[in-house]
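Colleague: Generate coordinates for the sequence data below:
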Amino acid sequence: MQSGYGKTDKWILEYETKNPTNNPLMGWESSSDTLSELRLEFSSKELAIHYAKKKKIDYEIIEPKKRKVIKKSYADNFLK
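Modeller: Numbering: from 1, shown residues only. This is a model prediction of the structure:
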């Protein structure tokens, strides 16, 4: 399996779920807060920060992790 770079160039603003409760029938986490279903995409980090500041939304930035690429040959699968 390979993990690609698709859709990694966007910044996402998601709201945290307020007052989560467990659904007694299915056991799923649910909430009456409809903002938790909202997900906004921005083309840059600066645009996302500007939007959050303009709408007075508390935000937390989670930087993407740097990928570590290990180059190896197909033949390495059979050497050990």
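
Colleague: What residues sit buried inside stretch 27-44?
Modeller: By neighbour count, with 16 or more other Cβ atoms under 10 Å as the criterion, the buried positions of stretch 27-44 are 36, 42. C-beta coordinates here come from the backbone N, C-alpha and C atoms, glycine included.

Colleague: how about the CA coordinates for it, as CSV?
Modeller: Extracted in CSV, the C-alpha atoms of stretch 27-44 (Å, rounded to 0.1, in the frame of the first residue of the first chain):
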residue,chain,number,x,y,z
GLY,A,27,-23.3,3.2,21.6
TRP,A,28,-22.1,5.9,19.1
GLU,A,29,-20.9,9.3,20.2
SER,A,30,-23.5,11.9,19.3
SER,A,31,-24.2,15.6,19.9
SER,A,32,-26.9,18.1,19.2
ASP,A,33,-24.2,20.6,18.2
THR,A,34,-24.5,21.0,14.4
LEU,A,35,-21.2,23.0,14.1
SER,A,36,-19.3,19.7,14.7
GLU,A,37,-20.5,18.6,11.2
LEU,A,38,-19.0,21.7,9.6
ARG,A,39,-15.6,21.5,7.9
LEU,A,40,-14.0,24.4,6.0
GLU,A,41,-11.1,24.0,3.6
PHE,A,42,-8.6,26.8,2.9
SER,A,43,-5.8,26.9,0.3
SER,A,44,-3.3,28.3,2.8
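
Colleague: switch to numbering from 33
Modeller: That works, and once the first residue is 33, the last one we named lands at stretch 59-76.

Colleague: This structure: strands as residue ranges?
Modeller: Counting by DSSP state E, the segments of the chain that form strands are 43-46, 53-54, 61-62, 71-74.

Colleague: Pairing partners for the worst-scoring helix or strand of the chain on mean pLDDT, with directions?
Modeller: Sorted by mean pLDDT, DSSP states H and E, the helices and strands of the chain end with strand 61-62, the least confident at a mean of 77. For strand 61-62, the pairing partners within the sheet under DSSP bridges are strand 53-54 (antiparallel).

Colleague: ok, and the closest non-adjacent residue to the spatially most central residue of the chain?
Modeller: If you average the C-alpha coordinates of the chain and look for the closest C-alpha using Cα atoms, centre = their mean, you land on residue 44, 6.7 Å from that point. For residue 44, the nearest residue in space outside its immediate sequence neighbours is residue 73; the separation is 5.6 Å by Cβ to Cβ, 6 or more residues apart in numbering.
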